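Enquirer: Pasting a predicted model and its sequence here:
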Amino acid sequence: MKKRASNIIGIVGTNNTGKTVIAEEIIKTFNIKRDKLNSTNYPSNYHRLVVFDVQDRLGHLLRKGDISIRIGDEGWEKMILGLRDSMVVFDDFKVLLEGDRISKDLLKVFGYRMEYGIDLIFIVWHPSLFPPSMHRFLDKYYLFRTNGSEKEFIDRLNGSKEDLVNCKRLLDKEFLKYNETEYGALYPNFPFIYYDTGTNKSIKINFKNSNN
């Protein structure tokens, strides 16, 4: 597999807004790429998918040799550090933490991800579920409708304060265009904003009356 530009990605949104749909698309793209490889040409720690998924909504995408992290598992940070050209997806990530503390080994994962080719994806309900010390590491976001406040967008997400508040307001405004039934009927094409912290560029996706 050609070495990928590794990212730390945040997927943020309340229940039934499209978070899992996007996570599945990202994982399926990863799976397609590694399906083209002859796995016998690589060590066993290459091209692995690791998933922490309490509700087991992503387990069907795991392949032979992939890893599922369970609540109570220890040493998962060091296990990730041993991977190369791999992808790690955390849903309800905060369940694995002690309060808001990021372990030294997880900080090492953040620090070595580029060298080791590890993509990290964190799925949360609202921005406050990212530990305060973590937000500076995130590179890209998929932002869906969330109950998080504008202050939480500023304090817990990485990027321009002005741009983040604008994203929050656009998402809230878009949500008001639908009643509950209409919004649910959008599946799987829920509206969201893709935000790149490196360029401060945001792109509206699936917005009503939008060309983006």
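Expert: Yep, it's here. Everything numeric in this text was worked out from a predicted model, so none of it was measured.

Enquirer: from here on, contacts and neighbour counts on C-alpha atoms
Expert: Noted.

Enquirer: For the lowest-mean-pLDDT helix or strand in the chain, could you pull out the residues that count as buried?
Expert: One helix or strand of the chain scores below all others by mean pLDDT, DSSP states H and E: helix 180-184, with a mean of 91. For helix 180-184, the neighbour count (16 or more other C-alpha atoms under 10 Å) marks residue 183 as buried.

Enquirer: Check which element follows it along the chain.
Expert: Once the chain leaves helix 180-184, the next helix or strand it forms, by DSSP states H and E, is strand 192-196.

Enquirer: Residues touching that next one, excluding its own?
Expert: 139-145, 167, 171, 201-207 (C-alpha atoms under 8 Å, 6 or more residues apart in numbering).

Enquirer: So which of the residues you listed sit within strands?
Expert: 140-143, 201-205 (DSSP state E).

Enquirer: Need the max-distance pair from the residues you listed.
Expert: Within those, 140 and 205 form the most distant pair, 14.7 Å apart (C-alpha to C-alpha).

Enquirer: Which one's more surrounded, those two?
Expert: When residue 140 and residue 205 are compared on other C-alpha atoms under 10 Å, the one with more neighbours turns out to be residue 140, at 24 against 16.

Enquirer: hey, where'd the helices end up in this structure?
Expert: 19-35, 76-81, 104-116, 150-156, 161-175, 180-184 (DSSP state H).

Enquirer: helices and strands around the fourth one, which ones?
Expert: Under the contact definition 3 or more C-alpha pairs under 8 Å, 6 or more residues apart in numbering; DSSP states H and E, helix 150-156 sits against helix 161-175.

Enquirer: Export only the CA atoms of the helix it packs on, formatted as CSV.
Expert: What follows is helix 161-175 as a C-alpha-only set of coordinates in CSV (Å, rounded to 0.1, in the frame of the first residue of the first chain):
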residue,chain,number,x,y,z
LYS,A,161,-12.8,30.3,16.2
GLU,A,162,-14.8,32.3,13.7
ASP,A,163,-15.0,29.4,11.2
LEU,A,164,-16.0,26.9,13.9
VAL,A,165,-18.8,29.2,15.2
ASN,A,166,-20.0,29.7,11.6
CYS,A,167,-20.0,25.9,11.0
LYS,A,168,-22.1,25.4,14.2
ARG,A,169,-24.6,28.1,13.1
LEU,A,170,-24.9,26.7,9.6
LEU,A,171,-25.6,23.2,10.9
ASP,A,172,-28.3,24.5,13.3
LYS,A,173,-29.9,26.5,10.6
GLU,A,174,-29.9,23.6,8.2
PHE,A,175,-31.5,21.3,10.8
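
Enquirer: Please point out which parts of that helix sit buried.
Expert: Buried residues in helix 161-175 (16+ other C-alpha under 10 Å): 161, 163-165, 167-168, 170-171, 175.

Enquirer: quick one, it and strand 192-196 angle?
Expert: With axes from the mean of the first three to the mean of the last three C-alpha atoms, to 10 degrees defining the directions, helix 161-175 sits at 170 degrees from strand 192-196.
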